[in-house]
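Trainee: All I have is the shape, not the residue letters:
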C-alpha cells in the first residue's frame, strides 16, 4: 500500500504567535495518528519557479490514515487555533510505491 504525504507550503505568515500555538497542538495530534515529520523549514535554495517559503512534509502509512488525522478532533482543534494566521497551500498526496 502506498504511503501518503501532507505537503504544506506557507505563502505568508501573518501571526507567528498563533502559528506557534497551532504547532503545539498539531504536532502531537499528527504524531499520535502515526504521522512522521520528514521535513519542515525554509528551503535551502529554490530553482526554476520555486518560492522561498516555509514547507512541511509529513508521511503517513496510507491515504486513509492521512485523511483520518486531518479530519480528527485533535488536528481540527489545532486548525481552529491557527485560523487565518497563515496563508498556505495544503495538500494530501499519495506516494508512488
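Mentor: Done, it's in. Worth saying up front: this structure is predicted, and the values here are computed from it rather than measured. Numbers count the residues shown, from 1 in each chain.
Trainee: just checking, residue 94 touches residue 64?
Mentor: No - applying C-beta atoms under 8 Å, one finds residue 94 not in contact with residue 64, separated by 10.7 Å. To be clear about C-beta, it is placed using only N, CA and C from the backbone, and glycine gets the same treatment.
Trainee: Work out for me the element the residue lying farthest from the centre of the chain sits within.
Mentor: For the chain, the residue at maximal distance from the C-alpha centroid (C-alpha atoms, centre = their mean) is residue 48, at 23.4 Å. Using DSSP states H and E, residue 48 falls within no helix or strand.
Trainee: which residues sit in contact with it?
Mentor: By C-beta atoms under 8 Å, 6 or more residues apart in numbering, no residues touch residue 48.
Trainee: what about it, distance to residue 92?
Mentor: 24 Å (C-beta to C-beta, to the nearest Å).
Trainee: can you pull the contacts of residue 61?
Mentor: So residue 61 contacts 1, 3, 4, 34 (C-beta under 8 Å, 6+ apart).
Trainee: Would you list the phi and psi of it?
Mentor: When read as degrees, to the nearest 10, the backbone of residue 61 gives phi -70, psi -20.
Trainee: Where is the longest helix in this structure?
Mentor: Looking across the chain with DSSP state H, the single longest helix is helix 16-32.
Trainee: what's the following helix or strand after that one?
Mentor: Next in sequence after helix 16-32, counting helices and strands by DSSP H and E, comes strand 36-41.
Trainee: Kindly calculate the angle that the following helix or strand past that next one makes with strand 36-41.
Mentor: Scanning forward in sequence from strand 36-41 by DSSP H and E, the next helix or strand is strand 55-60. Put simply, strand 55-60 runs at 180 degrees to strand 36-41, going by axes from the mean of the first three to the mean of the last three C-alpha atoms, to 10 degrees.
Trainee: can you count the residues close to residue 57?
Mentor: 15 (other C-beta atoms under 10 Å).
Trainee: Please shift the residue numbers so they start at 18 in all later answers.
Mentor: With 18 as the first residue, the last one maps to residue 74.
Trainee: And it, how close does it get to residue 32?
Mentor: 23 Å.
Trainee: can you check residue 73 too?
Mentor: Here the distance between residue 73 and residue 32 works out to 17 Å (C-beta to C-beta).
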